[in-house]
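Q: Okay, sequence plus prediction incoming.
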Amino acid sequence: MKFALVTGGSRGIGKAVCVKLAEMGYNVLINYRSNEEEANNTLALVKEKGVDGEIIQFDVSNKEETISKLGGWMEANADKVIEVLVNNAGIRDDGLMMWMKDEQWDNVIKTNLDGFFYVTRLVVNSMLQKKYGRIINMVSLSGLKGLPGQTNYSAAKAGVIGATKALAQEIGRKGITVNAVAPGFIKTDMTDGLNETELKNLVPLKRFGTPEEVAHTVAFLASEGAAYITGEVISINGGLYS
Ligand code: NAP
């Protein structure tokens, strides 16, 4: 049984990605950290597409929990193959660097960068055995150009971009592609507190993007047809920057 694992699949962009991958025929393993209700909502949408779905709760920034929960699932479900991994779980905690607290730096780096490492290291081993895989990392405009007030988030996302390019070269010969998607302003809980009326004027397309628009590109990268694209970062930002 072919599965797609989406970290942070319960809300926002991750939720739209789960639904899109389900439409492609993948069974979906939906990860979340704390909001079980939203994870259940996503599961229901996935099942409406006629595929199977499962919820797996763990905090991607916690190495032990990731190994025990995800590693445990993989061991217990040897008949289920994770073909597509979408490293989407992420948080931001903004502040100017001169006032940034240790926890703000640590939490953002741990979730966005360490989380990518803990999850991917586990999944890539089974992809190597199967000689097929698609890894898609959710980065950000912030990791490409840097954004003031986001030194922690920009550093974490830039780190994932570097790792994407390095890993793509390590495992390309095994039929596994590794790419990143870099959204600009997308309407989710994460951007809820931002002044959309003001910020959308900075965007050439004069609006924020939708989670479904990001999911569309993730689905393309996850498809067999994208077999010759690896180590790339695709921007989805309404023309804001590339
Ligand atoms: P969101 O609406 O805040 O959703 C975040 C998701 O990640 C939730 O499902 C959340 O689960 C999960 N999550 C957070 N921390 C986690 C952890 N430690 N372990 C497991 N799951 C965790 O965010 P979003 O806007 O959809 O963002 C998704 C990704 O896109 C992130 O990587 C973000 O950095 C990136 N991005 C977003 C934008 C944007 O404009 N929205 C722009 C650029 C990049 P719980 O609810 O259970 O905590």
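A: The structure has been received and is ready for your questions. Numbers count the residues shown, from 1 in each chain.

Q: Determine the three-state secondary structure at Arg207.
A: coil (DSSP: H, G, I helix; E, B strand; the rest coil).

Q: now the strands for this structure?
A: Along the chain, counting by DSSP state E, strands occupy 2-6, 27-32, 53-57, 81-87, 133-138, 176-183, 233-236.

Q: which residues touch the last one?
A: Okay, so that is strand 233-236. With CB atoms under 8 Å, 6 or more residues apart in numbering as the test, strand 233-236 has contacts from 139, 141, 144, 161, 164, 179-184, 186, 209, 213-214, 217, 221, 241-242. All C-beta spots, glycine's among them, are computed from the backbone N, C-alpha and C.

Q: Could you give me the ChimeraX syntax to select whichever of those are buried?
A: The ChimeraX selection below is limited to those of these classed as buried (16 or more other CB atoms under 10 Å):
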select :139,141,144,161,164,179,180,181,182,183,184,186,209,213,214,217,221
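
Q: What residues does the chain have near the ligand?
A: Neighbours of the ligand within the chain, by CB under 6 Å from any ligand atom: 7-8, 10-14, 31-35, 38, 59-61, 88-91, 111, 115, 138, 140, 183, 185-186, 188-191.

Q: Show me just the buried residues among those residues.
A: Among the residues of the chain next to the ligand, those buried by neighbour count (16+ other CB under 10 Å) are 7-8, 10-14, 31-33, 38, 59-61, 88-91, 111, 115, 138, 140, 183, 185-186, 188, 190-191.

Q: Regarding this protein, what is its longest helix?
A: helix 151-171 (DSSP state H).
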